[in-house]
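> Take this sequence and fold it.
(2 chains)
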There are 2 protein chains.
Amino acid sequence: MKAVILAGGSGTRLWPVSRYGLPKQFIKLNGGKSLLAQTVERLAAVVPLRDIFVITNEDYRFHVQEDLRSVSLAMENNVILEPVGRNTAPAIALVMKYCLEKLKCPKDEVIFICPSDHIIEPVEKFAGYARQAEAAAKAGSIVTFGIKPSRPETGYGYIKKGGKARGGGVFKVEKFAEKPDLKTAGKYLKAGDYYWNSGMFSFSIATMLSEFKAYAPEISRKMGATLAKMTADFKNMPSISIDYAVMEKSKKAAVLPIDILWSDVGSWDSLPEVIKPDAEGNVKVGDVLALDTERTIVMGEKRLIAAIGLKDLIIVDTVDALLIARRGEAQRVKEVVDMLKERKRKEVVEHLTTYRPWGHFVVLEEGPRYKIKRIVLKPGQKVSHQLHYHRSEHWIIVKGTARVTLGGKTKLVHENESTYVPKSTEHRLENPGRVPLEMIEVQNGEYVGEDDIVRLNDIYGRKNK
Amino acid sequence: MKAVILAGGSGTRLWPVSRYGLPKQFIKLNGGKSLLAQTVERLAAVVPLRDIFVITNEDYRFHVQEDLRSVSLAMENNVILEPVGRNTAPAIALVMKYCLEKLKCPKDEVIFICPSDHIIEPVEKFAGYARQAEAAAKAGSIVTFGIKPSRPETGYGYIKKGGKARGGGVFKVEKFAEKPDLKTAGKYLKAGDYYWNSGMFSFSIATMLSEFKAYAPEISRKMGATLAKMTADFKNMPSISIDYAVMEKSKKAAVLPIDILWSDVGSWDSLPEVIKPDAEGNVKVGDVLALDTERTIVMGEKRLIAAIGLKDLIIVDTVDALLIARRGEAQRVKEVVDMLKERKRKEVVEHLTTYRPWGHFVVLEEGPRYKIKRIVLKPGQKVSHQLHYHRSEHWIIVKGTARVTLGGKTKLVHENESTYVPKSTEHRLENPGRVPLEMIEVQNGEYVGEDDIVRLNDIYGRKNK
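A predicted model of the protein is given here:
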């Protein structure tokens, strides 16, 4: 069995922590690891690490690789790249092609598809269900994971189970139901044969190929080409979800009822499902001082947060944006994000910390004609060979050693030393050492935008597009 | 008449904006000027600028001078310095001594005492009352300003008026009443002869001197010395308020009833008295996006603040601390401040921006072995001639021109140029130009605390104590 994690989404429902540049799967909610890294570790209880893959797009490739490395350095290249986003049906077609051509999988190989941004506990129980689903998938079912509902949730789609299906413990899917209103959700809960659609499913390649042929013939045809050709032509794929394209039509769709702690962390309102509230019903992360405060979620970062007399609030603080919402209204973060997007506000796109393949940088301050950054360059990495027409740069090494190439000459710059890069001068920065290089860059010039960059050479393939 | 503003208080009731290092009188609540500067401008409708003085202590001298300069450069030295804080009775004794000896005032000169951190409107009406009080003071009364109450306020002391007193429109003080409970406050409001004690009062020097002699003989005796001796001996003054020492005992205490918009801005709850709420009852300052939010106070600074579905909240955001409180509970900020003080948290003492006589600096980031500051040096100012044992400094000029003296040699450093100050090397920084000098300082070393400084020479008299 191969396990494939879908990590191309750009969800901002946990704004201001999640943003287009750092969507939900990459954020660290409940400890040191991202939701994606936690997903990888959970799957490691089911299959060996070498059989776990992540499908994502170019924008998120370096985030994915960083998270994979956080689990195991050997996993860095277990990435399947979608050239452009075309929803889940073409993505799964690409996954199958990748497995058949690149991994030389037999057609009866089972693929387990899993979202990258959910919380599931406990792991052992999950692994048991995953193996049960594998058996049913081998027997010819497309096995969806239906979570036994614990409340009349209106935020999830539901699966109604029918009679027994092929394979042990799985049932036919009688129907897929859209997100219900509260009354209908109550009926579903009472009925007992409705399950939350978790977005996880298992199938054998042979089964899914035949279903694509029957219900998604256009995608099926495009799979006839080689992996390289299919990838090159990916932009012409129809944009359609696997649910609409196949699941809701297939006679082979089955549901495995699952009784487990599961959350899609769909909004800040669901955080108490992920982090256990304290005796007052509060979830407090960060530097929080609370007086007489109940049922309140506080997600702090660096800043001190003092709360007095609060009830049923959600407070999410980041360096450049603060969200305060009444509990139960966290889904309206979408409205805020849409308004900010319309106003072209950077706070929905990027954090002040920007991640690059070579490391990251933080904008400490920006003013007219200057910008100050703290730059961290990972050991062995190189920033592209570049020049700027409108700014000069002062570099001060705070930690580690830099190899600086400036106008054709190379020198080493050590901790507490500095160097100066004049305008329109070719330069390259490398970290030849074994520890991260930390430096302060002070930019001066008539224009200090990120796009004043001419890339002459880039080991990450980012030469000017 | 001389007008004297009391500006020695260190109030933190508007934390996190007001802190020990920047108390309420210096903060800018409702526009570009501090409450102190607004007080000076208000008094300018009563007396010429040259007759307005501010009494404060050494810690706040530069803040006061900065605010005075913001009104008029000629006012910079209208400062009376208390060597140490000894409450209001000794402060007023010092003011009288200063007026008699330094300003050569006659004994029948009237002094108008005024807090530095209140809001009063409109100015013309205030000026009329101040002149009326002057006349009554000349006639021998100590005239307190009693504000006609508009609600049963429990946060203020009250003055009960009695029969007519000497001077037009003023009444004898029947009694001073402490802050009442809500029931008593209601009675006061209904009775109609109780007024809020505004802390403003007028008296002739002769009248107050005789009252000090009668009711505060120890202070009176110490006034026998010269101003210089009295100042040198100030630490031995009893610490007592003018209310306890004189007002509550004097037969000459009178009250001038005043019908005016007045607020002592005693907590964030009173902000709507200062800044008019919008149609939803919200007060919004800064970069605020509010959905479905009512009766909520949002004081933003730089950060974007998104509010969803909030009612009756107070949100005060600063660079390093955030306060969120239920409206009506803002007085509990005191509890928070006390707890933080106990934990020795810097967030109650200083802002990330630190003011110095020569300008200010902001700590942009601090880490192990390094600290990054943005420094602004005012034109014509000099940082003290100094050296550091544990850190070296890189200076990069972002705007303006610096005159740098380093190891005995002086050079000019221009915009986009940099210089390096090694450890244990004497250095001095000056702004010889006409515009503020802005520079980035990157400190490196085994210890980067502010107290690693040997001041060899300082034009502001701050040589190592």
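> what's the neighbour count on residue A:204?
23 (other CB atoms under 10 Å in any protein chain shown). For the C-beta atoms, the positions are set from N, CA and C on the backbone; glycine is no exception.
> whoops, residue A:228 was the one
Neighbours of residue A:228 under the rule other CB under 10 Å: 10.
> Let's verify it: helix, strand, or coil?
The three-state assignment at residue A:228 reads helix, by DSSP: H, G, I helix; E, B strand; the rest coil.
> pLDDT wise, what is it at?
What the model reports as pLDDT for residue A:228 is 96.
> That one and chain B, how far apart?
Using CB to the nearest CB, to the nearest Å, residue A:228 is found at 44 Å from chain B.
> Can you show me the helices along chain A?
A:35-43, A:61-71, A:88-101, A:123-138, A:182-191, A:205-215, A:217-222, A:227-232, A:242, A:271-274, A:333-342 (DSSP state H).
> Not counting its neighbours along the chain, what's nearest residue A:304?
Of all residues not flanking residue A:304 in the chain, residue B:321 sits nearest, at 4.4 Å (CB to CB, 6 or more residues apart in numbering or on different chains).
> How many residues are close by that neighbour?
25.
> Quick check: it touching residue B:349?
No. Counting by CB atoms under 8 Å, residue B:321 sits too far from residue B:349 to count as a contact (11.3 Å).
> who's in contact with the residue nearest to residue A:304?
Residue B:321 is in contact with A:303-306, B:15-16, B:347, counting by CB atoms under 8 Å, 6 or more residues apart in numbering or on different chains.
> Likewise for residue A:454?
By CB under 8 Å, 6+ apart, residue A:454 lies in contact with A:386-389, A:464.
> returning to what we had before: between the helices of chain A, which gets nearest to residue A:175?
helix A:182-191 (11.3 Å; CB to CB).
> What residues of that closest one count as buried?
For helix A:182-191, burial by neighbour count (16 or more other CB atoms under 10 Å in any protein chain shown) applies to A:184-185, A:188-189.
> Tell me where the stretch 351-465 of chain A has strands.
Secondary structure of the stretch 351-465 of chain A (DSSP state E, counting those that start in this stretch): strands located at A:353-356, A:359-367, A:370-377, A:385-387, A:391-399, A:402-406, A:409-413, A:418-421, A:427-430, A:437-445, A:454-457.
> re the thing from before, nearest to residue B:209, of the contacts of residue B:321?
Using CB to CB, those come closest to residue B:209 at residue B:15, 38.8 Å.
> do stretch A:257-274 and chain B meet?
No. Judged by CB under 8 Å from any CB of the partner chain, stretch A:257-274 stays clear of chain B, getting no closer than 10.1 Å.
> Residue A:410 reaches residue A:403, doesn't it?
Yes. Using CB under 8 Å, residue A:410 is in contact with residue A:403, at 6.3 Å.
> Contact partners for the nearest residue to residue A:88 once chain neighbours are set aside?
In space, and not counting its chain neighbours, residue A:88 is closest to residue A:242: 4.3 Å by CB to CB, 6+ apart. Residue A:242 is in contact with A:88-89, A:91-92, A:113, counting by CB under 8 Å, 6+ apart.
> Can I get these in TSV including pLDDT, distance to residue A:366 and neighbour count?
Converted to TSV, the contacts of residue A:242 look like this (pLDDT from 0 to 100; distance: CB to CB, whole Å; neighbours: other CB atoms under 10 Å in any protein chain shown):
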residue	pLDDT	distance to residue A:366	neighbour count
A:88	95	39	25
A:89	97	43	24
A:91	97	38	24
A:92	97	43	25
A:113	98	42	23
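> which of the residues you listed sit farthest apart?
Every pair of the contacts of residue A:242 checked by CB to CB; the farthest is A:89 and A:113, at 11.4 Å.
> What are the boundaries of the strands in the stretch 151-300 of chain A?
A:158-164, A:171-177, A:194-204, A:253-258, A:261-263, A:283-291, A:297-308.
> To residue A:121, which of those strands lies closest?
Nearest to residue A:121 among the strands of the stretch 151-300 of chain A is strand A:261-263 (4.5 Å), distances taken as CB to CB.
> residue in the stretch 101-250 of chain A nearest to chain B?
Closest to chain B within the stretch 101-250 of chain A is residue A:155: 16.6 Å, counting by CB to the nearest CB.
> For that residue, which non-adjacent residue is spatially closest?
Per CB to CB, 6+ apart, closest to residue A:155 is residue A:266, 5.3 Å.
> Residue A:207 now?
residue A:140 (5.6 Å).
> and the stretch 1-150 of chain A, which residues reach chain B?
Counting by CB under 8 Å from any CB, the residues of the stretch 1-150 of chain A near chain B are residue A:16.
> Smallest gap between the stretch 1-150 of chain A and chain B, at which residue?
Going by CB to the nearest CB, chain B is nearest to residue A:16 of the stretch 1-150 of chain A, at 7.6 Å.
> Poorly predicted segments of chain A, please.
With pLDDT under 70 as the threshold, chain A has low-confidence stretches at A:462-465.
> what's near enough to touch the residue nearest to residue A:207?
A:166-167, A:204, A:207, A:252.
> now, among the residues you listed, which is nearest to residue B:292?
residue A:252 (46.1 Å).
> Surely the closest one and residue A:209 touch.
No. With contact defined as CB under 8 Å, residue A:252 does not count as touching residue A:209 (11.8 Å).
> between the two, which one's more packed in?
residue A:252 (21 against 17).
> which ones are touching that one?
By CB under 8 Å, 6+ apart, the residues touching residue A:252 are A:140-142, A:207, A:211.
> Kindly report the same for residue A:86.
Neighbours of residue A:86 in contact, by CB under 8 Å, 6+ apart: A:234-235, A:237-240.
> Without its sequence neighbours, what residue ends up closest to residue A:209?
residue A:96 (6.7 Å).
> I'd say that neighbour and residue A:210 touch.
No. With contact defined as CB under 8 Å, residue A:96 does not reach residue A:210; the gap is 11.6 Å.
> and those two? which has more neighbours close in?
Set residue A:96 next to residue A:210 and count neighbours by other CB under 10 Å: residue A:96 wins out with 23 against 15.
> Just list the residues touching the more buried one, thanks.
A:111, A:205, A:208-209, A:223.
> Next: residue A:256.
Contacts of residue A:256 (CB under 8 Å, 6+ apart): A:129, A:132-133, A:136, A:143-146, A:169-171.
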